[in-house]
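Trainee: quick one, fold the following:
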Amino acid sequence: MTNCSGGTASTSPPICTASPSPPGTWCWSSFLFWQDCVGYFERRDPEQLTRAADSPKRRMALVFRWYLGMASRWAVTGQEDRAQDYQIWCGPAMGSFNDWATGSYLKNPSNRRVADVAHHLMRGAAFHTRLAQLRLAGVHIPAGAADYRPVPLETPAGAAPTAGAR
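Mentor: Numbers count the residues shown, from 1 in each chain. Below is the predicted model of the structure:
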């Protein structure tokens, strides 16, 4: 950050002195959210700001930490003006679900409704519980018969779909 001067980690970001800045030069003044980041760390862990005062790498790390923490909060609170930044932390569960849904009508995310997914998760759990009971009773279950795959829920003929179903 040789082309930036002024500012501290806890007051204002440094301002670029080169005009225009060379490619790859980070100027904190271009990050409009820096003050939000500073406010966050002043409340959470002011020592981080002190350590970042003379280190551009630490300031960038603070920005990344702030954004990562806020992106999940924006999603949970439904902050509409930050919808493009939403992040939902799910670990390996989402990948496991997608693997399980492959080969079924749930592969396409537009086919996923909360009621359908919940139904199939419960039905799949009951299916595998029953398989375990049968195996404990000594029944041999072929591998091909031991795989639960979701199929679309049927609506009885002439019945209207329930509220929320599509």
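
Trainee: please save the CA atoms from the helix or strand harbouring L121 in PDB.
Mentor: Per DSSP states H and E: L121 is located in helix 114-136. C-alpha atoms of helix 114-136 as PDB (Å, rounded to 0.1, in the frame of the first residue of the first chain):
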ATOM      1  CA  VAL A 114     -40.400 -27.100   2.600                       C
ATOM      2  CA  ALA A 115     -43.300 -29.400   3.000                       C
ATOM      3  CA  ASP A 116     -42.100 -31.800   0.400                       C
ATOM      4  CA  VAL A 117     -38.500 -31.900   1.700                       C
ATOM      5  CA  ALA A 118     -39.700 -32.300   5.300                       C
ATOM      6  CA  HIS A 119     -42.000 -35.100   4.200                       C
ATOM      7  CA  HIS A 120     -39.300 -37.000   2.400                       C
ATOM      8  CA  LEU A 121     -36.800 -36.600   5.200                       C
ATOM      9  CA  MET A 122     -39.200 -38.000   7.600                       C
ATOM     10  CA  ARG A 123     -40.300 -40.800   5.300                       C
ATOM     11  CA  GLY A 124     -36.700 -41.600   4.400                       C
ATOM     12  CA  ALA A 125     -35.900 -41.800   8.100                       C
ATOM     13  CA  ALA A 126     -38.900 -44.100   8.700                       C
ATOM     14  CA  PHE A 127     -37.800 -46.200   5.700                       C
ATOM     15  CA  HIS A 128     -34.300 -46.700   7.000                       C
ATOM     16  CA  THR A 129     -35.500 -47.400  10.600                       C
ATOM     17  CA  ARG A 130     -37.800 -50.100   9.200                       C
ATOM     18  CA  LEU A 131     -34.900 -51.600   7.200                       C
ATOM     19  CA  ALA A 132     -32.800 -51.700  10.400                       C
ATOM     20  CA  GLN A 133     -35.600 -53.500  12.300                       C
ATOM     21  CA  LEU A 134     -35.900 -56.000   9.500                       C
ATOM     22  CA  ARG A 135     -32.200 -56.700   9.400                       C
ATOM     23  CA  LEU A 136     -32.200 -57.100  13.200                       C
END
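
Trainee: and that helix, average pLDDT?
Mentor: Mean pLDDT, helix 114-136: 95.

Trainee: for that helix, packing partners?
Mentor: Taking 3 or more CB pairs under 8 Å, 6 or more residues apart in numbering; DSSP states H and E as contact, there are no helices or strands that helix 114-136 lies on. Using the backbone N, CA and C atoms, a C-beta is placed for each residue, glycine as well.

Trainee: what residues sit buried inside that helix?
Mentor: 116, 120, 131 (16 or more other CB atoms under 10 Å).

Trainee: that concludes my questions; thank you for your assistance.
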